[in-house]
Structures are given as structure tokens and as C-alpha cells.
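Asker: sharing a model prediction with you, sequence too.
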Amino acid sequence: MARLSDAELEALVERAVVDAYGEDEQLAAFQSVIEDNLAVPFRTTVLGVEVTVAGIDLLPGSGIVAVCVRGRHRQAVGILDLPLPTPPPAGAEWIEAFRHWAL
């Protein structure tokens, strides 16, 4: 995925939060747009272990997380801490837009 310009990221942010008021609603809006657009499942490596990202969730106190699965084990990983594979899955630009908004 080519690096998006600040203007492109701002346009994505505006699309995500257009009807959201306040930080909590904006966070929920980003969770929804990431969940709707990120092509899951996909494989990636977390702490040296290959996992499958099975979905996206919004957890109180943790924010937006990727639900990572390996065998019978499941672990939530903060979406901003999730290493993306190369090439990244379709819809990964929404994670970058969220990073732009969050930081």
C-alpha cells in the first residue's frame, strides 16, 4: 500500500466521522468503518507468532482491537499495534486514517 498523503488521510477521517459527535462516537465510527472495509481474515505475525486476524472489535478500555486467533487461542491486539502483512489487506487505509486521527 502506498503511503497516503495527509490530505488523503484527512478525507478518510472526514468520511469516517461525518455524523459522529464527541470522541466516543468518533471511535465507534472508526471501529465500524474499519470492520466494514478491512478484508478479514488475513494472516500476520504478532510477537514472532503467525496469527489470523479474524475480526475487529471495540473493547471498553482497550479501544479498537484486532481479534487474533491461533488454534484455540484468541487475543485482542490494539489495532494501532497490529503489524500488517506485506502487502496489507484491502481496507488497511482505514487503519492508517484512524492512526492519523488518533495521534
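Answerer: The structure has been received and is ready for your questions. Residues are numbered from 1 along each chain as shown.
Asker: pretty sure Leu65 is touching Gly55, no?
Answerer: No, residue 65 isn't Leu; it's Val. No. The pair Val65 / Gly55 is not scored as a contact, 9.3 Å apart, by Cβ atoms under 8 Å. In this view, the C-beta of every residue, glycine as well, is placed from N, C-alpha and C.
Asker: what sits against Arg99?
Answerer: With contact set as Cβ atoms under 8 Å, 6 or more residues apart in numbering, Arg99 has these partners: Leu80.
Asker: cutoff 10 Å now
Answerer: Contacts of Arg99 were listed using Cβ atoms under 10 Å, 6 or more residues apart in numbering, and they are 9, 79-80.
Asker: which stretches in this structure count as strands?
Answerer: If DSSP state E is used as the criterion, the strands of the chain fall at 42-46, 49-59, 63-70, 73-78.
Asker: nearest to Ser32, out of those strands?
Answerer: Shortest separation from Ser32 across the strands of the chain is recorded for strand 49-59, at 8.5 Å, computed as Cβ to Cβ.
Asker: mind giving me the packing neighbours of that closest one?
Answerer: helix 22-37, strand 42-46, strand 63-70, strand 73-78 (3 or more Cβ pairs under 10 Å, 6 or more residues apart in numbering; DSSP states H and E).
Asker: circling back to that earlier point, tell me which of the strands of the chain sits most buried.
Answerer: Of the strands of the chain, the one with the most neighbours on average (mean count of other Cβ atoms under 10 Å) is strand 63-70, at a mean of 19.
Asker: correct me, but Gly63 touches Gly78?
Answerer: Yes. Assessed by Cβ atoms under 10 Å, Gly63 is found in contact with Gly78 at 6.4 Å.
Asker: where does pLDDT dip in this structure?
Answerer: Flagging of the chain using pLDDT under 70 yields the residue ranges 1.
Asker: picking that back up, wait, which of the helices and strands packed on strand 49-59 is closest to Leu84?
Answerer: Between those, strand 42-46 lies closest to Leu84; by Cβ to Cβ that is 6.3 Å.
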